[in-house]
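>>> based on what follows, work out the 3D shape:
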Amino acid sequence: MTWQQLYPKIQAPEPADFDRYMDRPLWTALRAFVEDTYGVPPLVEYSCCASAPGWNMKYRRSGKSICTLYPGFPEAGRFTCLVVIGPKEADRAEALLSACDPYLQNLYREAGGIGGSRWLMIAVTTERILEEVKSLLLLRVKPPKKRA
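Numbering: from 1, shown residues only. Have a look, this model is predicted:
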């Protein structure tokens, strides 16, 4: 059963429902990284977006989007992480991407967006891509300073 079938628009899932459905180490690792690094819980929201409709998890810090996770997209058992690279981060992102997986380099080249931003819908399928997504997130939103 697909994620959209399990949780239609009228039935909001809890974060634990996402985790049970995904039950994948890459999903768990990315969620833990975002929550531990930025100290924020996920916001569960429904998207009517034609390319990835359904319930997703959004992470924000101080009003700035960190990323959005789409379970079961593009297919069951997989997930996509949306990272928006704005014009302010573009130079640093391009430098970082020069050493990234060719999949991510191509995705960046072909990504469109609004106002000079690039919307990267990244299928997190390997440890390497997971680590590269983490690097993009750190570039995008600076983590809070840890208290001693």
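>>> what residues are bridge-paired with the residue nearest the centre of the chain?
Nearest to the mean C-alpha position of the chain, counting by C-alpha atoms, centre = their mean, stands Cys81 at 2.6 Å. With DSSP bridges as the criterion, Cys81 is bridged to Leu69, Ile122.
>>> that one against Glu132, yeah?
No - using C-beta atoms under 8 Å, Cys81 makes no contact with Glu132, being 10.5 Å away. Glycine gets a C-beta too; all of them are placed from N, C-alpha and C.
>>> quick one, what contacts the residue nearest to the centre of the chain?
Cys81 makes contact with Leu30, Cys67, Thr68, Leu69, Tyr70, Met121, Ile122, Val124, Val133, according to C-beta atoms under 8 Å, 6 or more residues apart in numbering.
>>> what's the local residue count around the nearest residue to the third one once chain neighbours are set aside?
If I follow you right, that is Thr68. Leaving aside its chain neighbours, Thr68 sits nearest to Leu82 (4.2 Å; criterion: C-beta to C-beta, 6 or more residues apart in numbering). Using other C-beta atoms under 10 Å, the number of residues around Leu82 comes to 19.
>>> ok, the one 10 residues further on next?
Close neighbours of Arg92, defined as other C-beta under 10 Å, add up to 13.
>>> which residue, other than its chain neighbours, is closest to it?
Per C-beta to C-beta, 6+ apart, closest to Arg92 is Leu139, 5.4 Å.
>>> quick one: the strands in the protein?
Secondary structure of the chain (DSSP state E): strands at 43-47, 54-61, 64-71, 79-85, 118-123.
>>> show the average pLDDT along the last one.
When pLDDT is averaged along strand 118-123, the result is 94.
>>> TSV for the strands of the chain, including distance to Leu107?
Putting those into TSV (distance: least, C-beta to C-beta, whole Å) gives the following:
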stretch	distance to Leu107
strand 43-47	20
strand 54-61	19
strand 64-71	14
strand 79-85	10
strand 118-123	6
